[in-house]
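Student: okay, predicted coordinates and the sequence, questions at the end:
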Amino acid sequence: MAELKELIQKYLPQVLEHRRHIHAHPELTGQEKETAAYIAQVLRDMGLKPVENVGGYGVVALIEGKNPGKVVGLRADIDALPLTECTGLPYASQNPGVAHSCGHDTHAAMLLGAAYVLNELRDQFDGTVKLIFQPAEEDPMASGAKKMIEAGVLENPHVDGVFGQHVWPQYEVGKVAVRNGAMMASSDRFFITVKGKSSHGSAPENGIDAIAISAQVISALQNIVSRNVSPLDSAVVTIGKITGGNRYNVIADTVKMEGTCRNLNPAVRKQMPARIENIVKGVSEGMGGSYEFQYFMGYSPTVNDPKQFELVCEAIKETQGEDALVIPASSALGGEDFSFYCEKVPSAFIWLGCRDPKMPLDKLVPIHNGGFAPMEEALPIGMEVMVTSALKFLAQ
Ligand code: NI
């Protein structure tokens with residue numbers, strides 16, 4: 001579609017301006033007030049009527065086509081991370097300690113770009129596009145997707161399917177990746193407190209050493225992945241934080257740990273809380289201590305619908321060429337709250353290549369790193385795939 005490429009080029013300067021503005025003014029999960037206000041203003045400037053404060057700082061707007069028909073949702077997340085940016089870009093973060101190091105600034109800008117284009121094409125399609133600018137993706141305990149769905153984002157009008165994307169530095173600019181089925185893992189969080197009894201460091205027999213117990217707990221937890229989960233399934237159990245003890249010569253009475261579990265198979269995921277607790281209980285009590293344990297179910301696995309997967313593959317091949325399409329052999333074990341849309345309606349999530357082709361894969365700067373800097377050449381590609389997927393969906 002030559003017209004589509006022209007339209008994208010026409011709006012690209014504005015899209016890049018929006019991207020750089022949002023990038024320079026990052027806001028943390030749950031605090032996306034100015035970002036949402038900026039997005040809403042851009043939508044109003046297009047002549048759209050955005051609804052603000054949907055499930056937090058969510059912004060929703062409709063683009064209605066020529067005749068009533070299906071409703072397709074296009075979703076972008078908009079929050080940033082508590083990191084210090086070190087990209088050296090001229091439009092780097094002006095908010096110290098906060099940075100768009102997961103590329104959600106590019107997601108928001110690409111969705112604004114798709115909005116410009118679809119708004120101009122509205123006489124050429126039937127049905128409705130629902131633009132979903134979603135806050136709070138980065139914290140599974142806050143999940144903006146969950147809150148927007150609870151606030152009714154998939155109703156009035158009812159949404160028949162949703163498309164979303166994430167910039168992905170594992171792939172170079174020009175490549176777009178999508179899988180049939182699991183794309184991203186579940187992301188759960190747990191808290192462990194091991195309790196012992198303090199005593200003089202020279203007389204451990206008078207105390208119960210919470211640090212020694214914790215060391216055994218951590219070792220034993222590794223057995224869940226190696227011995228309880230089938231080698232054909234994927235799982236991760238990570239302890240990411242540990243604090244405990246008071247002084248070099250005092251037996252520690254308390255150690256606190258926090259960790260995360262990732263799974264692709266819901267059945268395996270369901271077993272995790274009990275497996276972990278049994279180990280914590282057995283080791284702690286076996287060594288004379290006690291424990292507290294809390295497990296929070298965060299994001300579900302993000303699972304693409306087979307039909308939407310086919311549709312997105314066609315959109316990628318048609319607009320970017322056969323070679324652009326990548327079907328990854330495995331899913332990522334990162335979490336993503338796009339999963340909640342997938343659970344409700346047939347949806348698809350794609351990874352948009354954004355690495356400089358000159359940069360070797362082993363030198364890539366990953367997401368969630370203060371140096372992450374996706375190439376802006378990826379943005380028109382992401383816009384084109386999004387718009388084409390939406391039009392194909394509405395034309396079905
Ligand atoms: Ni992200």
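Tutor: Yep, that arrived. Numbers count the residues shown, from 1 in each chain.
Student: so for the longest strand along the chain, what's the average pLDDT?
Tutor: Scanning the chain for the longest strand, with DSSP state E as the assignment, gives strand 161-172. For strand 161-172, mean pLDDT is 98.
Student: what's the average pLDDT for the helix or strand that that strand is followed by?
Tutor: Proceeding N to C from strand 161-172, the next assigned helix or strand is strand 176-177, under DSSP states H and E. Strand 176-177 comes out with an average pLDDT of 98.
Student: same check on stretch 278-286?
Tutor: 97.
Student: contacts for that stretch?
Tutor: Here stretch 278-286 makes contact (C-beta atoms under 8 Å, 6 or more residues apart in numbering) with 192, 194-195, 213, 216-217, 220-221, 223-224, 290-291, 293. Backbone N, C-alpha and C define where each C-beta goes, glycine included.
Student: give me that answer again for 7 Å
Tutor: 192, 194, 213, 216-217, 220-221, 290-291, 293 (C-beta atoms under 7 Å, 6 or more residues apart in numbering).
Student: remind me, longest helix of the protein?
Tutor: helix 2-24 (DSSP state H).
Student: ok, now how distant is the most centrally placed residue in the chain from residue 301?
Tutor: Residue closest to the mean C-alpha point of the chain, counted by C-alpha atoms, centre = their mean, is residue 336 at 3.4 Å. Going from residue 336 to residue 301 by C-beta to C-beta, to the nearest Å gives 9 Å.
Student: over to residue 317?
Tutor: Between residue 317 and residue 301 the computed distance is 26 Å (C-beta to C-beta).
Student: do residue 184 as well
Tutor: Distance, residue 184 to residue 301, by C-beta to C-beta: 7 Å.
Student: overlap in contacts, these two.
Tutor: Residues touching both residue 184 and residue 301 by C-beta under 7 Å, 6+ apart: residue 339.
Student: rewinding a little: in a strand, the residue nearest to the centre of the chain, correct?
Tutor: No. Residue 336 sits outside any strand when classified using DSSP: H, G, I helix; E, B strand; the rest coil, being coil.
Student: who does the residue nearest to it when sequence neighbours are not counted bridge with?
Tutor: Of all residues not flanking residue 336 in the chain, residue 184 sits nearest, at 4.2 Å (C-beta to C-beta, 6 or more residues apart in numbering). Listed beta-bridge partners, residue 184: residue 302 (assigned using DSSP bridges).
Student: my guess is residue 184 contacts residue 337. True?
Tutor: No. Counting by C-beta atoms under 7 Å, residue 184 stays clear of residue 337, with 9.5 Å between them.
Student: quick one: the strands in the stretch 1-150 of the chain, in order.
Tutor: For the stretch 1-150 of the chain, applying DSSP state E, counting those that start in this stretch gives strands covering 51-54, 58-64, 71-77, 128-134.
Student: minimum distance to residue 28: which of those has it?
Tutor: Closest approach to residue 28 among these (C-beta to C-beta): strand 71-77, 12.8 Å.
Student: where's residue 193, which helix or strand?
Tutor: Per DSSP H and E: residue 193 is located in strand 187-195.
Student: over to residue 257?
Tutor: strand 254-263.
Student: repeat for residue 271
Tutor: Assigning secondary structure by DSSP H and E places residue 271 in helix 266-286.
Student: by how many degrees do that helix and strand 254-263 diverge?
Tutor: Counting by axes from the mean of the first three to the mean of the last three C-alpha atoms, to 10 degrees, helix 266-286 lies at 160 degrees to strand 254-263.
Student: pLDDT on whichever helix or strand comes after helix 266-286, on average?
Tutor: Per DSSP H and E, the first helix or strand lying C-terminal to helix 266-286 is strand 290-299. In this model, strand 290-299 has an average pLDDT of 96.
Student: ok, stretch 199-210 next?
Tutor: The average pLDDT within stretch 199-210 is 96.
Student: cool, and stretch 372-382?
Tutor: The pLDDT scores in stretch 372-382 average 98.
Student: chain center to it: distance?
Tutor: Relative to the centre of its chain, stretch 372-382 is centred 17 Å away, using C-alpha atoms, centre = their mean, to the nearest Å.
Student: same check, this time on stretch 138-146
Tutor: Here stretch 138-146 is found 9 Å from its chain centre; the criterion is C-alpha atoms, centre = their mean.
Student: hmm, who's touching that stretch?
Tutor: Here stretch 138-146 makes contact (C-beta under 7 Å, 6+ apart) with 29-30, 55-56, 58, 77, 79, 81, 102, 134-137, 187, 189, 296, 298-299, 335, 337-338, 340-341.
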